[in-house]
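Asker: sequence and predicted structure below; questions after.
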Amino acid sequence: MSGDWISDEARDALWFSAKLRFELTRECSDKREYEDRVYLFQCSNPEAASTRAVEIGKQQEHQYKTEAGEHLKWRFVQVLRVMMTFLDTPLDQGIEVYSENPAPFAD
């Protein structure tokens with residue numbers, strides 16, 4: 001497969017993965033739930049990767065009302081880890097590749 005459709009900038013940027021933690025709050029409960037997600041993205045250098053991970057986390061914040069009328073809100077909490085990742089196939093920027101609900105932790 002030819003790489004001619006990939007821009008030089010995209011080809012030269014480094015790939016990173018970031019594990020981000022999100023908090024789910026429900027209007028009818030004081031219980032907090034957490035979800036860890038892994039996203040893939042490109043940056044020109046490792047120093048910029050942490051900043052980009054925070055940007056992705058903030059972009060993923062959202063709230064909505066369920067069919068039952070309950071208000072849910074996903075809030076970005078923190079970047080848990082950023083790692084350089086080696087890929088040989090281009091992917092969409094900021095793609096979520098994994099998520100899990102970690103055990104609750106004390107504040």
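Answerer: Noted; the coordinates are in hand. Residues are numbered from 1 along each chain as shown.
Asker: please count neighbours and contacts with C-alpha atoms only from this point.
Answerer: OK.
Asker: show me where this structure has its strands.
Answerer: If you assign secondary structure with DSSP state E, the strands in the chain sit at 14-26, 33-43, 62-65, 71-85, 95-100.
Asker: how far off strand 14-26 does the fourth one point, in degrees?
Answerer: The reference is to strand 71-85. Relative orientation of strand 71-85 with respect to strand 14-26: 160 degrees, computed using axes from the mean of the first three to the mean of the last three CA atoms, to 10 degrees.
Asker: tell me the mean pLDDT for strand 71-85?
Answerer: Across strand 71-85, pLDDT averages out at 95.
Asker: picking up where we left off before, can you say which of the strands of the chain is nearest to E55?
Answerer: strand 71-85 (9.8 Å; CA to CA).
Asker: can you check what angle separates the closest one from strand 33-43?
Answerer: 40 degrees.
Asker: any regions of this structure where pLDDT drops low?
Answerer: In the predicted model, the chain carries pLDDT under 70 at residues 1-12, 87-94, 103-107.
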